[in-house]
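Trainee: Sequence and predicted structure, then a few things I'm wondering about:
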Amino acid sequence: SIEMLGQTLQGTIVFEQITANDETQTRVAVSNGSLSFGTSENPAFSASDIEGTLIVFNSGVAGSLDALISSSLTSVLLTGDVAIDVNTTNAAVSESLVINGQDQILQLPAGPYFRAALNNGALTLTDLEETISGNIVIERAVELDGSESTHVAITEASLSIGDGTTDYVTLTDGSAVIIVEESTNTIAARLTGAVTTQIPDVNVSGQFTFEIHQSDAQTAFDQTVLVNGEEVSISLPAGNFVRAAAENATLDILGQHLSGNFIFEKQTTNGVETVILTGSNLSLSLADGLISLENGSAAIAISDAGV
């Protein structure tokens, strides 16, 4: 077995030691491997049928591996073919090598990281009955405070909010950051992208952000992680929800123009899914300004018949 960034890779391992560029390297061929992403007590994701190449430098380990991956969290489904990249050094890696008679090219950006990439994948949150599709990267990384965490980045992401029959709010060509907290079975996510609505007699415009919170812990979530070298913060209230929120947005309904902050949220009661639109800090003007509303609030149920 080999340990990298707190993750243990097990399987059939063949070692070869050479000297290249005045540095001693141990080159490793891995087959029939397995490992888990996350803490040993509560891993978030598991990989199996791992095959590929690792190089052990004086400064750390780097390699690229093919595998199958699945989620170990009870509320998440994720399966498919995946490429695993690991680089525990602080330098980029570019190596041409031969292991077991096979030519290998290894090119990786600087680390440290341990990540798995799944193109055209799907991550399903079973408790919320929502699926995020796109190109998925799962990473086990060292954070600013020295701790290790598991997070997921998704590009070309798509997600919809609806009642199980009709999608009322849809995000496409989006980007997502998902933070995983294994000990509490927590998924906290923020998604941005192009948003469209399909609600009878209603038009909504504004910059919407999708937020997801699924957790066994009934507490608020507030955490900052490094994704592709950039700090990303997610702060969410307690509860299990998927919602699309916008500040300073506009809503046209029945010929009236409302402006303010809006949230679309899917709710499930006795197995029946509904979408509720809530508004705060609302303003409305009627009769050419003769009647006006300021700092208003609203709650609207959405269905195929309208609002």
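Mentor: Arrived safely.

Trainee: so what's the residue nearest to F45 when sequence neighbours are not counted up against?
Mentor: Leaving aside its chain neighbours, F45 sits nearest to F37 (4.2 Å; criterion: CB to CB, 6 or more residues apart in numbering). Yep, even glycine has a C-beta here, placed from its N, CA and C like the rest. Shown in contact with F37 (CB atoms under 8 Å, 6 or more residues apart in numbering): 7, 43-47, 114, 116, 138, 140, 150.

Trainee: Specify which member of those residues is nearest to F57.
Mentor: Of all the contacts of F37, F57 sits closest to F114, with 15.6 Å by CB to CB.

Trainee: residues near the closest one, how many?
Mentor: Applying other CB atoms under 10 Å, we find 25 residues neighbouring F114.

Trainee: Next: D103.
Mentor: A count of nearby residues for D103, using other CB under 10 Å, gives 8.

Trainee: Okay, now the sheet partners of the helix or strand where it lies, with direction.
Mentor: Using DSSP states H and E, the element containing D103 is strand 102-108. The strands beside strand 102-108 in its sheet (DSSP bridges) come out as strand 93-99 (antiparallel).

Trainee: So what sits opposite the closest residue to E231 other than its chain neighbours in the bridge?
Mentor: The spatially closest residue to E231, leaving aside those adjacent along the chain, is T224, at 5.6 Å (CB to CB, 6+ apart). Counting by DSSP bridges, T224 is bridged to S233.

Trainee: Please name the bridge partners of G38.
Mentor: Under the criterion used (DSSP bridges), G38 bridges to P43.

Trainee: and stretch 118-134, which residues are buried?
Mentor: By 16 or more other CB atoms under 10 Å, the buried positions in stretch 118-134 come out as 118, 121-125, 128, 130, 132-134.

Trainee: just the residues you listed now: which is nearest G52?
Mentor: Lowest distance from G52 to the buried residues of stretch 118-134 (CB to CB) belongs to L118, with 15.5 Å.

Trainee: residue contacts, the closest one?
Mentor: Neighbours of L118 in contact, by CB under 8 Å, 6+ apart: 69, 78, 80-82, 135-138.

Trainee: Now do the helix or strand hosting A301: which elements does it pack against?
Mentor: If you go by DSSP H and E, A301 is part of strand 291-302. Judged by 3 or more CB pairs under 8 Å, 6 or more residues apart in numbering; DSSP states H and E, strand 291-302 is in contact with strand 256-269, strand 272-286.

Trainee: just to revisit the earlier point, now the contacts of L118: which count as buried?
Mentor: Those of those that meet the buried threshold are 69, 78, 82, 136-138, by 16+ other CB under 10 Å.

Trainee: Okay, and the beta partners of S283?
Mentor: Beta-bridge pairing of S283 under DSSP bridges involves S259.

Trainee: Kindly apply the preceding question to G174 instead.
Mentor: Following DSSP bridges, G174 is listed with bridge partners A157.

Trainee: distance of it from V242?
Mentor: Separation of G174 from V242 (CB to CB, to the nearest Å) stands at 14 Å.

Trainee: next one: I291
Mentor: With distances taken as CB to CB, I291 is found 36 Å from V242.

Trainee: so L236 makes contact with Q223?
Mentor: No. Using CB atoms under 8 Å, L236 is not in contact with Q223, being 9.6 Å away.

Trainee: more neighbours, these two?
Mentor: Neighbours were tallied for L236 and for Q223 using other CB under 10 Å; the higher tally belongs to L236 (20 against 16).

Trainee: Please list all residues in contact with the more buried one.
Mentor: Shown in contact with L236 (CB under 8 Å, 6+ apart): 188, 211, 213, 220-222.

Trainee: Only whichever of those residues are buried, select them in ChimeraX.
Mentor: Restricted to buried positions by 16+ other CB under 10 Å, the ChimeraX selection for the contacts of L236 reads:
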select :188,211,213,221
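
Trainee: Helices - which of the contacts of L236 land there?
Mentor: In helices, judged by DSSP state H, none of those are found.

Trainee: and of the contacts of L236, the nearest to I2?
Mentor: The nearest one, if we look at the contacts of L236 relative to I2 and count by CB to CB, is A188, at 30.7 Å.

Trainee: wait, isn't that closest one in contact with V225?
Mentor: No. With contact defined as CB under 8 Å, A188 does not count as touching V225 (10.2 Å).

Trainee: shared neighbours of the two, anything?
Mentor: By the contact definition CB under 8 Å, 6+ apart, A188 and V225 are jointly contacted by I179.

Trainee: do you know how far T192 is from F208?
Mentor: Noted for T192: a distance of 8 Å to F208, by CB to CB.
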